[in-house]
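In: this one's structure only:
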Ligand code: MTE
């Protein structure tokens, strides 16, 4: 399968935030030459998103395997061993097996995407991810024609993930996507942020990012991917089916049973930062709207 991302800087070329920001200025400078357009990620075609700081992105997290407070992941995730790491790809695939993370990385072109990230709790941030399209990973295993869904599973290792000793969620954390959602070019496996390896608290060494869905769909530290013909169970839906559906598309018109989803508070602007209106499909409606044509989005939450 051809890579749909244009070649971009490799993680090793971007060593810090300053350099990264410099490069963005550079990109802006060459916009209009054709080259700039080719390099711009699709979600950026019509707008400039200002990324949150490294500090914001890596110190205010949800990763319940390390505790339920926003600062728990940063404090405790350092204990997680992420080398070696492998991902089992199984189910309705041509080449089921255990894929070594380093081998996967050698086969993928690591690109950068700047995405809006909207948490169901109504805060949001903008993250410059590095990674590759999920479609390209699934292609390694070869999708069988009967596959309709993709199920994901996080590592289960209570010795290193103390939150798994608590009964907050059914462990391991599981998530799922319809196959067409999984194959959409905006759906990525992130392995870095700001050109650095992704920190443990953000889901090292690889996590899903689906920018038009609420953040909890973006499952972290994945060890297993299963292609299936049945809608897979998902952690938050198991925990509270009334509040969390399988789709969980960002939708300002459909409120969470306990709060409005019409606006969001961008992180990094201080405690009293202005709320901004939330956009349909988190601003990616043009790209993904067709996936849900004819579906009642009040029913399929
Ligand atoms: N993945 C696992 N394994 N465990 C989790 O608790 N939390 C989810 C999602 N992925 C979670 C997870 C939620 S609720 C959100 S909002 C995002 O991760 C947060 O990602 P971030 O910490 O990188 O911002």
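Out: Ah, there it is. Keep in mind it's a predicted model, so treat the numbers as computed, not measured.
In: Name the helix or strand for residue 76, please.
Out: For residue 76, the element it lies in under DSSP states H and E is helix 72-76.
In: Output the contacting helices and strands for that helix.
Out: Using 3 or more C-beta pairs under 8 Å, 6 or more residues apart in numbering; DSSP states H and E, no helix or strand is in contact with helix 72-76. For glycine as for every other residue, the C-beta is placed from the backbone atoms N, C-alpha and C.
In: Run the chain-centre distance for that helix.
Out: Between the centre of helix 72-76 and the centre of its host chain there is 19 Å, according to C-alpha atoms, centre = their mean, to the nearest Å.
In: Quick check: what element follows that helix along the chain?
Out: strand 86-91.
In: Next secondary structure after that following strand?
Out: Later in the chain than strand 86-91, the nearest helix or strand by DSSP H and E is strand 97-100.
In: Buried ones in that following strand, by neighbour count?
Out: Across strand 97-100, burial judged by 16 or more other C-beta atoms under 10 Å covers residue 99.
In: Distance-wise, check residue 252 relative to the ligand.
Out: Applying C-beta to the nearest ligand atom, to the nearest Å, the value for residue 252 to the ligand is 17 Å.
In: thinking again about what came up before, any buried residues in the helix holding residue 76, and which?
Out: Going by neighbour count (16+ other C-beta under 10 Å), the buried part of helix 72-76 is 72-74, 76.
In: Show me what residue of the protein gets nearest to the ligand.
Out: Evaluated by C-beta to the nearest ligand atom, the chain has residue 215 as its residue closest to the ligand, separated by 2.8 Å.
In: which intervals of this structure have sub-threshold pLDDT?
Out: 1-47, 271 (pLDDT under 70).
In: what do you get if the cut-off is 50, keeping everything else the same?
Out: 1-3, 5-16, 18-46 (pLDDT under 50).
In: Distance across stretch 50-63, terminal residue to terminal residue?
Out: End-to-end distance for stretch 50-63: 24 Å, by C-alpha to C-alpha, to the nearest Å.
In: Distance from it to the middle of the chain?
Out: Centre to centre, stretch against its chain (C-alpha atoms, centre = their mean), the figure for stretch 50-63 is 13 Å.
In: Report the buried residues of that stretch.
Out: Residues of stretch 50-63 classed as buried by neighbour count (16+ other C-beta under 10 Å): 51-52, 54, 56-58, 60-63.
In: In strands only, show me these.
Out: If you go by DSSP state E, the buried residues of stretch 50-63 have nothing in strands.
In: Contact partners for residue 299?
Out: Shown in contact with residue 299 (C-beta atoms under 8 Å, 6 or more residues apart in numbering): no residues.
In: Please report how far it lies from residue 292.
Out: 11 Å (C-beta to C-beta, to the nearest Å).
In: How about residue 230?
Out: Taking C-beta to C-beta, one finds residue 230 at 20 Å from residue 292.
In: same question, residue 274
Out: Counting by C-beta to C-beta - residue 274 and residue 292 are separated by 30 Å.
In: Next to the ligand, which bits of the protein? Give me the list.
Out: Contact residues (C-beta under 6 Å from any ligand atom) of the chain with the ligand: 61-65, 119, 154, 173, 202-203, 215-216, 218-221.
In: residues contacting residue 98?
Out: Residue 98 sits next to 86-88 when contact means C-beta under 8 Å, 6+ apart.
In: cutoff 6 Å now
Out: 86, 88 (C-beta atoms under 6 Å, 6 or more residues apart in numbering).
In: is it in a bridge, and if so with what?
Out: Taking DSSP bridges as the rule, residue 98 bridges to residue 88.
In: that older thread, more neighbours: which of residue 230 and residue 292?
Out: Set residue 230 next to residue 292 and count neighbours by other C-beta atoms under 10 Å: residue 292 wins out with 18 against 9.
In: partner residues bridging the closest residue to the more buried one other than its chain neighbours?
Out: Of all residues not flanking residue 292 in the chain, residue 249 sits nearest, at 6.9 Å (C-beta to C-beta, 6 or more residues apart in numbering). With beta bridges defined as DSSP bridges, residue 249 has these partners: residue 213.
In: Tally up the residues packed near residue 249, please.
Out: 25.
In: how close does it sit to residue 211?
Out: From residue 249 to residue 211 the distance is 11 Å (C-beta to C-beta).
In: Please apply the same query to residue 228.
Out: According to C-beta to C-beta, residue 228 and residue 211 sit 24 Å apart.
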